[in-house]
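> coords below, sequence missing:
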């Protein structure tokens with residue numbers, strides 16, 4: 001196994017330093033990819049990033065951290081190939097699973113998880129922010145996504161924004177906190193989650209038809225104002241049924257005269273393999 005050296009700082013902390021036969025230039029690229037994009041929450045609830053998180057992850061799987069770091073950088077390039085202007089186009093996927101499609105565009109900021117390396121940075125933050133209802137993690141999500149969300153608003157000349165409401169009852173709701181932290185200076189659509197005797201989260205439904213029915217019966221757009229271009233934001237999109245149903249209600253009520261853009265912080269990679277082959 002390639003060596004990893006520990007550089008002891010004056011403050012007494014330990015900093016991992018690459019030692020690899022692949023060359024300084026390659027090492028720098030790998031380190032940069034890890035620093036910016038690798039984040040894990042340990043089993044004992046500690047947030048780790050960069051090389052510290054990566055070494056722990058590798059050693060837990062008996063992997064060579066140096067060799068695997070090069071493979072990680074290669075994987076990032078592969079999945080980044082799906083991005084254009086820092087966005088992943090998810091419309092193609094739902095056009096082949098949903099009918100009719102009411103969204104004009106659907107984008108992801110990142111995939112929720114990728115092969116071999118598991119959840120992405122955003123995927124990891126979203127999972128544990130929701131499970132632990134941790135406001136600090138939600139602040140990290142807001143900080144990581146704010147600039148890119150503003151870019152989408154500017155690019156599509158958005159006049160109003162709607163945040164998809166949560167389906168699971170929690171004291172701290174990720175989407176509500178995110179809406180507050182982003183401070184988007186636009187009108188916010190009123191989208192309500194109807195309370196039913198038993199709340200059924202979308203993620204518990206395996207069949208697409210059930211997800212569509214769930215969205216149709218549990219979400220209501222109560223907005224009355226008319227806008228040209230509307231942006232719908234959700235934390236994660238699998239089938240796209242929920243966001244598409246909200247867009248359908250907006251269309252039916254003639255609340256949008258232009259485009260309805262869907263933006264998920266993360267989306268499922270399932271279905272994108274087809275795009276890669278053509």
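Alright, I've got the coordinates. None of these values were measured; they are calculated from a predicted model. Numbers count the residues shown, from 1 in each chain.
> so where's the longest helix in this structure?
Criterion DSSP state H: the longest helix present in the chain is helix 135-155.
> residue boundaries of the strands in the stretch 101-250 of the chain?
In the stretch 101-250 of the chain, the strands defined using DSSP state E, counting those that start in this stretch lie at 105-111, 113-114, 118-119, 160-163, 191-193, 219-221, 230-237.
> residues in contact with residue 127?
By Cβ atoms under 8 Å, 6 or more residues apart in numbering, the residues touching residue 127 are residue 119. All C-beta atoms are positioned from the backbone trio N, CA, C, and that covers glycine.
> again, 10 Å this time
Taking Cβ atoms under 10 Å, 6 or more residues apart in numbering as the contact definition, residue 127 lies against 41, 112-113, 119, 137, 235-236, 266.
> again with residue 232
103, 106, 160-164, 189, 191, 221, 242-244, 246-247, 250, 260-264.
> if I look at residue 264, how far off is residue 44?
Distance from residue 264 to residue 44, counting by Cβ to Cβ, to the nearest Å: 30 Å.
> okay, those two: which has more neighbours?
Counted by other Cβ atoms under 10 Å, residue 264 and residue 44 do not tie: residue 264 has more neighbours, with 25 against 5.
> Surely the more buried one is in contact with residue 239?
No. Counting by Cβ atoms under 10 Å, residue 239 is not a contact partner of residue 264; they are 11.4 Å apart.
> burial of residue 115, as a residue count?
Residue neighbour count, defined by other Cβ under 10 Å, stands at 10 for residue 115.
> OK, contacts around it?
Residue 115 makes contact with 75, 78-79, 269, according to Cβ under 10 Å, 6+ apart.
> 7 Å instead, please
Contact analysis of residue 115 by Cβ atoms under 7 Å, 6 or more residues apart in numbering lists nothing.
> What segments of this protein are helices?
With DSSP H applied, the chain shows helices at 24-37, 50-60, 65-80, 91-95, 121-132, 135-155, 174-182, 208-218, 241-252, 273-277, listed in chain order.
> Out of these, the one nearest residue 168 is which?
Of all those, it is helix 121-132 that lies closest to residue 168, at 7.8 Å by Cβ to Cβ.
> Buried residues of that closest one, list them for me.
Of the residues in helix 121-132, 121-130 count as buried by neighbour count, 16 or more other Cβ atoms under 10 Å.
> and of these, the nearest to residue 93?
Taking Cβ to Cβ as the measure, residue 93 sits nearest to residue 123 out of these, at 17.1 Å.
> Just give me the neighbour total for the residue lying closest to residue 48 once chain neighbours are set aside.
Take residue 48 and drop its neighbours on the chain: the residue closest to it by Cβ to Cβ, 6 or more residues apart in numbering is residue 40, 5.6 Å away. If you count neighbours by other Cβ under 10 Å, residue 40 ends up with 21.
> per-residue pLDDT, residue 40?
Per-residue confidence for residue 40 comes out at a pLDDT of 97.
> Also residue 218?
What the model reports for residue 218 is a pLDDT of 72.
> Check the spacing between it and residue 174 real quick.
Relative to residue 174, residue 218 is positioned 18 Å away (criterion: Cβ to Cβ).
> Show me which of those two is the more surrounded one.
Set side by side, residue 218 and residue 174 show more neighbours around residue 174, with 25 against 19, by other Cβ under 10 Å.
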